[in-house]
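In: Predicted model and sequence below, questions to follow.
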Amino acid sequence: MRLAHHSTSWDELEHHRWLRILQPGTAPPHARTLTAQLVDSLSQAPGRPDRHRAADWALRVTSAAPLRALPASTRLTALALEAHHSPADAHAGVEADRLSRACGTRPADLGSLLDQLVTAGTIRSWACDPHTEELHWTPSRPTARPAG
């Protein structure tokens, strides 16, 4: 998940019941690894296969080469754009306030996040209609959706 060894990030995910940190296995003491299990937030049972695929897809989207060095908020914005884009469309659109909620940011901050994605080459362009507050963007490559 690219959280490195910052225990606060892992602890927070466990606290909010997104995952369960498992006891260390047979890894040698010098191997700095952590094993976690994605869990269903309601039942706390191991996550279903479709959620595993979705988590894998999200990890692949946010760890793509152009995004790796960008801040987490920008990578989350890229993930939200991918989730709101249909592979059949050359352009995509969503309400700005809906996208900002998905990204955990204010609508006023979306512009700078989207500009970072243009600079990184993740999207070609974006525009926001001031009357409808509909945000439109053009992806720089086809959308990669999980199989299933």
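Out: Sure thing, it's come through. Numbers count the residues shown, from 1 in each chain.
In: Please enumerate the strands of the protein.
Out: 19-21, 36-38, 92-95, 123-128, 134-139 (DSSP state E).
In: what's the least confident stretch among these?
Out: Lowest mean pLDDT of the strands of the chain: strand 36-38, a mean of 70.
In: how long is stretch 39-59 from one end to the other?
Out: End-to-end distance of stretch 39-59 (Cα to Cα, to the nearest Å): 16 Å.
In: Now it: average pLDDT?
Out: 72.
In: now the strands of the chain in CSV, with distance to residue 9?
Out: Backbone N, C-alpha and C define where each C-beta goes, glycine included. Compiled in CSV, these are given as follows (distance: least, Cβ to Cβ, whole Å):
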stretch, distance to residue 9
strand 19-21, 11
strand 36-38, 11
strand 92-95, 28
strand 123-128, 27
strand 134-139, 29
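In: The ones you listed: which one's closest to residue 48?
Out: strand 36-38 (9.2 Å; Cβ to Cβ).
In: And the contacts of stretch 91-100?
Out: 77, 80-81, 84-86, 106-107, 109-110, 128, 133-139 (Cβ atoms under 8 Å, 6 or more residues apart in numbering).
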